[in-house]
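**Student:** Below: sequence and its predicted model.
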Amino acid sequence: MRTLIAEDDELLRALLEDFLTGLGHEVKSAVNGVDLVRLALRERPELVITDLNMPGMDGGSMVAMMDMYPDLEGIPVIIITGATEADLKRAGLPREIPVLAKPFDFDRIAAEIERVEHRRRFN
């Protein structure tokens, strides 16, 4: 599965890249939402995993921008964040997106990815 990651924390980004590569994903990453949207327009991902709070463009704004492009609209997104419930409400996510709290468990990410793959196969 072609997967893009947007995460400004270098160590966490590397851990996610290694984990997803181990699951057989083709992984590319960006440090913020602006860079991820540019990358997504080139790569046409099947999944995006993003932090919510990043410099330049946060994850919520990034999803809204992706949804403005017909080729990117509706691509499954998983958010991993240290944000509070209030932060999530303020972010005003433009669609229903699974949110995993940091620190997260890699098994939870794998389970969410399985849900995405299942929906993709049967929709």
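**Tutor:** On my side now, so go ahead. Numbering: from 1, shown residues only.
**Student:** so how far does stretch 19-37 reach from one end to the other?
**Tutor:** 22 Å (C-alpha to C-alpha, to the nearest Å).
**Student:** what separates that stretch from the chain centre, distance-wise?
**Tutor:** 8 Å (C-alpha atoms, centre = their mean, to the nearest Å).
**Student:** just stretch 13-24 next, same as before
**Tutor:** Remark: stretch 13-24 is offset 13 Å from the chain centroid, using C-alpha atoms, centre = their mean.
**Student:** Stretch 109-123 now?
**Tutor:** 14 Å.
**Student:** Show me which positions of that stretch end up buried.
**Tutor:** Residues 109, 112-113, 116 are the ones in stretch 109-123 that count as buried (16 or more other C-beta atoms under 10 Å). From N, CA and C alone the C-beta is placed, and that goes for glycine too.
**Student:** Restricted to helices, list these.
**Tutor:** 109, 112-113, 116 (DSSP state H).
**Student:** Where does the prediction get shaky in the protein?
**Tutor:** Along the chain, segments meeting pLDDT under 70 span 84, 86-95.
**Student:** Report the contact partners of the residue nearest to the spatial centre of it.
**Tutor:** In the chain, the C-alpha nearest the mean C-alpha coordinate belongs to I49, at 1.9 Å (C-alpha atoms, centre = their mean). Contacts for I49 were tallied using C-beta atoms under 8 Å, 6 or more residues apart in numbering; they are 3-7, 16, 20, 77-80, 109.
**Student:** distance of the residue nearest to L16 when sequence neighbours are not counted from M62?
**Tutor:** Distances taken as C-beta to C-beta, 6 or more residues apart in numbering put I5 closest to L16, at 5.2 Å, once the chain neighbours are dropped. Computed as C-beta to C-beta, to the nearest Å, the I5 to M62 distance reads 12 Å.
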